[in-house]
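In: sharing a sequence plus its predicted fold:
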Amino acid sequence: TLDTIRTILQNIAAIVTPYAIKHQGAKLVLPFLGCGVGGLDIRDVAKLYAEFFAQNDLGDCAVVLYAYRDDDYSVAAEVLGG
């Protein structure tokens with residue numbers, strides 16, 4: 001569910017932020033959680049990611065989002081402004 005993904009993102013941020021502060025140039029590679037077998041719409045997950053990363057500073061951490069299909073990339077780029 002989207003609520004589960006919110007919790008996952010909060011947990012990731014709690015781990016990644018201190019690491020990114022200590023190690024410059026940290027990267028987080030993140031798939032669109034729940035969009036495969038979980039059946040969630042990638043547009044909804046992309047909006048959730050956009051909200052989360054706009055509200056949470058992960059320090060010096062680049063976030064790389066993995067889109068499985070070309071269509072997924074197009075939706076992600078549209079929603080996230082990429």
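Out: Looks like it came in fine.
In: looking at this protein, which residue reaches furthest from the middle?
Out: The C-alpha centroid of the chain is most remote from Lys22, which lies 21.0 Å away (CA atoms, centre = their mean).
In: OK, contacts around Gly59?
Out: Under the criterion of CB atoms under 8 Å, 6 or more residues apart in numbering, the contact partners of Gly59 comprise 16-17, 20-21, 26. C-betas here are computed from N, CA, C, even on glycine.
In: kindly recompute the last result at 6 Å.
Out: With CB atoms under 6 Å, 6 or more residues apart in numbering as the criterion, the residues that contact Gly59 are 17, 20-21.
In: just to be sure, which of these are found in helices?
Out: Of the positions in these, 17, 20-21 sit in helices, assigned by DSSP state H.
In: what's the helix or strand for the residue positioned nearest the centre of the chain?
Out: The residue at the geometric middle of the chain, judged as the C-alpha nearest the mean C-alpha position with CA atoms, centre = their mean, is Tyr49 (4.7 Å). In this structure, Tyr49 is located in helix 42-55 according to DSSP states H and E.
In: give the contact list for Lys47.
Out: With contacts taken as CB under 6 Å, 6+ apart, Lys47 has the following neighbours: Val79.
In: how close does it get to Ile5?
Out: 11 Å (CB to CB, to the nearest Å).
In: between the ones in helices among the contacts of Gly59, which is nearest Leu33?
Out: Among the ones in helices among the contacts of Gly59, Thr17 lies closest to Leu33 (CB to CB), at 18.7 Å.
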